[in-house]
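>>> All I have is the shape, not the residue letters:
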């Protein structure tokens, strides 16, 4: 039986600086889905910071699942505290969060294990890899029991082997904890590998130019073409960006006449 779609996120009439003007956006997908905003500037990053309350000087309405649900922002750079070990880093978030979190030590232990850090509870992150520190960030997010985890282009400096390990970990964790993910990315291959929905953002004033549902796109492909799935979807995405550029140029020329 197909899972019912939910409005995971709804943004209405967002205005912020010179990036967003009357911007509207919503994600309707299965719970525990991974969704990606793909763009080649910083507008997706700015949007995630607004949703995650890192940026607060905006106008508009943001609803995450429901008004009381939590979204946790994971920045591009590692956010773990180097003077605290893994377990202390996780507990620091609980003790200093504005949200009331009722979680046992056993549950914390299980979350640390689920992100692949079992046995490393007393290790410090200061000289560890970016992948290790991302796992800490993910554990810190999960203990707050969010409806939505916001990941801001966190994989772009990580080597390919570790990157794909983290992709698979993120899929697994999203399913286990029934939490949705919204990823900001500039990497088309990453977006295709991870996402259920890809939202293409483009323009001087950021706007959604297309939503691509990966399940639907997969079903459209013939058996022969499924082996070339990555290439076909990548071409579709690049064409969409190119068509948008051409349309913007034509509109600009018409306005200037």
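Happy to help now that I have it. Computed from a predicted model, the values in this text were never measured in an experiment.
>>> Could you report the pLDDT at residue 161?
Turning to residue 161, the model gives it a pLDDT of 93.
>>> next one: the one 10 residues further on
You'll see residue 171 listed with a pLDDT of 96.
>>> contacting residues for it?
The contact partners of residue 171, by C-beta atoms under 8 Å, 6 or more residues apart in numbering, come to 34, 194. For every residue, glycine as well, the C-beta is placed using N, CA and C.
>>> Now name the helix or strand holding it.
Per DSSP states H and E: residue 171 is located in helix 160-176.
>>> and what of residue 183?
strand 180-185.
>>> What strands line up against that strand, and which way round?
When pairing is defined by DSSP bridges, strand 180-185 lines up against strand 34-38 (parallel), strand 148-152 (parallel).
>>> circling back: off-centre distance for the helix holding residue 171?
13 Å (C-alpha atoms, centre = their mean, to the nearest Å).
>>> Report the inter-axis angle for it versus strand 180-185.
150 degrees (axes from the mean of the first three to the mean of the last three C-alpha atoms, to 10 degrees).
>>> Now helix 160-176: buried residues?
163, 166, 169-170, 173-174 (16 or more other C-beta atoms under 10 Å).
>>> Among those residues, which one lies nearest to residue 193?
Set against residue 193, the nearest of those by C-beta to C-beta is residue 163 (9.5 Å).
>>> Distance of that closest one relative to residue 134?
10 Å (C-beta to C-beta, to the nearest Å).
>>> who touches both of these two?
Both residue 163 and residue 134 are contacted by residue 155, under the criterion C-beta under 8 Å, 6+ apart.
>>> how about low-confidence regions in the stretch 151-257 of the chain?
222-227, 245-257 (pLDDT under 70).
>>> Make TSV from the strands paired with strand 180-185 and add mean neighbour count and distance to residue 181 to it.
Shown next, in TSV, are these (neighbours: other C-beta atoms under 10 Å; distance: least, C-beta to C-beta, whole Å):
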stretch	mean neighbour count	distance to residue 181
strand 34-38	25	4
strand 148-152	25	5
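>>> Kindly state which of those strands is positioned closest to residue 73.
Nearest of the strands paired with strand 180-185 (C-beta to C-beta): strand 148-152, 4.6 Å.
>>> Residue 104: neighbour count?
Residue 104 sits with 8 neighbouring residues when counted by other C-beta atoms under 10 Å.
>>> An error on my part: the question was meant for residue 94.
Neighbours around residue 94, by other C-beta under 10 Å: 16.
>>> which residues touch it?
With C-beta under 8 Å, 6+ apart, residue 94 has these contacts: 101, 103, 108, 143-144.
>>> what does residue 57 give?
Contacts of residue 57 (C-beta under 8 Å, 6+ apart): 16-17.
>>> please renumber so the chain begins at 9
I'll keep to 9 as the first residue from here, and by that count the last item is residue 65.
>>> what's the spacing between it and residue 29?
Taken as C-beta to C-beta, the span from residue 65 to residue 29 is 15 Å.
>>> Tell me what the most centrally placed residue in the chain is bridged to.
In the chain, the C-alpha nearest the mean C-alpha coordinate belongs to residue 191, at 1.8 Å (C-alpha atoms, centre = their mean). Residues in a beta bridge with residue 191, per DSSP bridges, are residue 44, residue 159.
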